[in-house]
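>>> Structure here, sequence nowhere to be found:
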RNA sequence: CGGGGCGUAGCACAGCCUGGUAGUGCGCUCGGUUUGGGACCGAGAGGUCGGAGGUUCAAAUCCUCUCGCCCCGACCA
């Protein structure tokens, strides 16, 4: 392309709306423009980048036997009702009605459509496995789109689905996808890790998330440099350290603690206890939807005083159910004390017998227990602990000498606490965990039979019996790859595209368009580079050299060939955007040099 | 959905408090000088001040409503 004719609207200043570096640079480099919140247009440069990413996705999907489809983005409500997700998904789904008032939606993912094809067409285990994928636009009405292309309302996704006859087959398909994902992200030049993740409402047993480290990311990742352990903080565990529990009363005993409201207060209070010898008691309630027929079931969450609860772990402990912190007035109603003096000892009896409410039965009011049940759930770090101090469910009173398993009446121990940096790795027991921010770039799920069962997708197995197809689903966001690439590869002068996804391989900069010898040499070099199979941008604009250098750096083309004064000696300069090295090269050799460099990147 | 901020020329912003001719820089057009890291001089073009209503002799400026965008939180198949 000739720059003088090509649409690359670069900006000298940072746009006011952009906060994160990738957003600023993608706008400044003329890659994208915003249309509305979370809705962006790819400009020609952006489209070239997206096409290169998509080509890599295609090649790697095809490499593991993937077959490319193209499904509709507009779906009838019917299939979503069959899978149960029409009701399960909230306002994140764009819904509309057609002219006949039939309900429709814009696809936020394609499990339903692919499953409907599978159930109509797949009949025998002999047809399996199948690996199906597409590269399609998704629509999600995000509550808060943000950070440029990081969180969008409409975006391009490569989504793949595998169909196997049994779990062993799914394991193989899943492993294939995982390896393909690694090759994809490697080729795209990203620094990433694969982590264990929560499956959320997607359902299914196992899921791995691929994340790229960046300060702009929304996820927190714990990693161990020693053994390579990596997990999303919503799953991450660490090796607990237990203090010595000896000393203290044999049985729980109350003691006055006037004015003590927090864990911290109690650590300095005379006769108190350090944070790691306290039990923190939190009260949670089911979310707005409630849990089935149980009207309100308080949840007591117990943690070591110096530990922090991780919300997602709590929700996962209840099968992904929605929970919310109890309001102060609810806590007082439930336990008879304010936050700051809560504890598990005797709490179950207190809760289930304390509060009453009145309901109409026929024409008279009947008194019933308001909270007939309570869940008491404790973090694993409390297992076996003795001589602990906690609230006594009475304002300004605490209780010491508490043996967790003996006195706290716990329903179950689960991992609930948030891992923090500096803790010991639970896997290798020697490494120290690091916690950093990252963004999700891909996610692979073992779905199992969730969709095949609800939508009736079965095949006949070897014994002639119908069995539900065992499915997996695998997604990569194209804009996420682009965003992560910019987040991880930039400097003061602009973007430094990884070679494989750069919009052009090389830019030929004619430093002065008034000099005919430079123009001629540039034209000739442009054609030769193209003939060598390279994507070339010829900067033939009538601008000063400085402007051209600044722009070339900003849009991040990996190599720049500068035609200047030394052209009379048959010498040009080869500039490496990444290393910033500028090297004199013979004009006669520069094509093969650049060709070798560019091909090495693929 | 809760909290905060912002809408004035293509971009970045000033002007608003204290009502009275709509400004600056960059970019754009034309002419000239320049020509290796975002040149300089001169002359221009370009804005219903997000929208609607109100107060006033007079509204970018004050009031009400509304729309949009950004940030924090909640949420996130």
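Received it, and whenever you're ready, just let me know what you need. This structure is a prediction, so every number in the text was calculated from the model and none was measured.

>>> So the residue nearest the centre of chain A versus RNA strand B, what's the distance?
Compute the mean C-alpha point of chain A, and by CA atoms, centre = their mean the closest residue is residue A:440, 3.2 Å away. Distance of residue A:440 to RNA strand B, given as CB to the nearest atom of the strand, to the nearest Å: 9 Å. Placement of C-beta: from N, CA and C, glycine included.

>>> Wait, that residue touches residue A:214, no?
No - Residue A:440 is beyond contact range of residue A:214, at 11.0 Å (criterion: CB atoms under 8 Å).

>>> ok, residue A:413 to RNA strand B distance?
Applying CB to the nearest atom of the strand to residue A:413 and RNA strand B gives a distance of 23 Å.

>>> host element of that residue?
strand A:412-414 (DSSP states H and E).

>>> packing partners for that strand?
helix A:311-317, strand A:375-379 (3 or more CB pairs under 8 Å, 6 or more residues apart in numbering; DSSP states H and E).

>>> Out of the ones you listed, the one nearest RNA strand B is which?
helix A:311-317 (6.2 Å; CB to the nearest atom of the strand).

>>> buried set for the closest one?
A:312, A:313, A:314, A:315, A:316, A:317 (16 or more other CB atoms under 10 Å).

>>> I'd like these laid out as a markdown table, including pLDDT and distance to RNA strand B.
Shown next, in a markdown table, are these (pLDDT from 0 to 100; distance: CB to the nearest atom of the strand, whole Å):
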| residue | pLDDT | distance to RNA strand B |
| --- | --- | --- |
| A:312 | 85 | 8 |
| A:313 | 87 | 13 |
| A:314 | 88 | 10 |
| A:315 | 83 | 8 |
| A:316 | 81 | 12 |
| A:317 | 84 | 15 |
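
>>> tell me the average confidence for the strand holding residue A:413?
The average pLDDT within strand A:412-414 is 92.

>>> next one: stretch A:15-26
Mean predicted confidence for stretch A:15-26 is 95.

>>> for it, the distance to its chain's centre please.
The chain centre lies 21 Å from the centre of stretch A:15-26; the measure is CA atoms, centre = their mean, to the nearest Å.

>>> And it, what's buried?
For stretch A:15-26, by 16+ other CB under 10 Å, it's A:18, A:20, A:21, A:22, A:23, A:24, A:25, A:26.

>>> go on, stretch A:50-59?
Buried, per 16+ other CB under 10 Å, within stretch A:50-59: A:50, A:52, A:53, A:54, A:56, A:57.

>>> Out of these, the closest to RNA strand B would be?
residue A:57 (15.5 Å).

>>> Is the closest one in a helix, a strand, or coil?
Classification of residue A:57 using DSSP: H, G, I helix; E, B strand; the rest coil returns helix.

>>> Read off the pLDDT value for it.
pLDDT, residue A:57: 98.

>>> tell me the phi and psi of the closest residue to it other than its chain neighbours?
Residue nearest to residue A:57 in three dimensions, not counting chain neighbours: residue A:158, with 4.4 Å by CB to CB, 6 or more residues apart in numbering. Reported as degrees, to the nearest 10, the phi and psi values for residue A:158 are phi -90, psi 110.
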